[in-house]
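>>> turn this into a structure:
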Amino acid sequence: MTGTEELEGLVRTVVEEPAAARLQQLLAEGLITASDRDLFLVSARKYREAAFAHYADLDPALRHELVKALLVD
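Have a look, this model is predicted:
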């Protein structure tokens, strides 16, 4: 598994999946609308794409250290 794949997996399991579950809960409780949820999801996708584009430009050694540090936390 590459560092990028590890980081993508980490982001998915630690950030995206819990956030999606929380948005569904808020929607089910009537605290947000489906449009609100969709706006959050689109914003998160755009932020993720920008972050991973920046990550791709980092020095490979720095990327490796970043992934190691995130996996330790």
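
>>> for Thr33, give me its contacts.
Contacts for Thr33 (Cβ atoms under 8 Å, 6 or more residues apart in numbering) come out as Leu27. Heads up, the C-betas are built off the backbone N, CA and C, glycines and all.

>>> list the buried residues for the lengthiest helix in the chain?
Looking across the chain with DSSP state H, the single longest helix is helix 34-56. Neighbour counts over helix 34-56 (16 or more other Cβ atoms under 10 Å) mark 40, 55 as buried.

>>> outside of it itself, list whatever touches it.
Residues outside helix 34-56 that contact it (Cβ under 8 Å, 6+ apart): 4, 7-8, 11, 16, 19-20, 23-24, 26-27, 32, 63, 66.

>>> using a markdown table, lay out these together with pLDDT and distance to Phe40.
Below are these laid out as a markdown table (pLDDT from 0 to 100; distance: Cβ to Cβ, whole Å):
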| residue | pLDDT | distance to Phe40 |
| --- | --- | --- |
| Thr4 | 75 | 25 |
| Leu7 | 80 | 22 |
| Glu8 | 85 | 20 |
| Val11 | 85 | 16 |
| Glu16 | 91 | 11 |
| Ala19 | 93 | 8 |
| Ala20 | 94 | 9 |
| Leu23 | 96 | 6 |
| Gln24 | 97 | 11 |
| Leu26 | 98 | 9 |
| Leu27 | 98 | 10 |
| Ile32 | 98 | 8 |
| Arg63 | 82 | 28 |
| Leu66 | 80 | 25 |
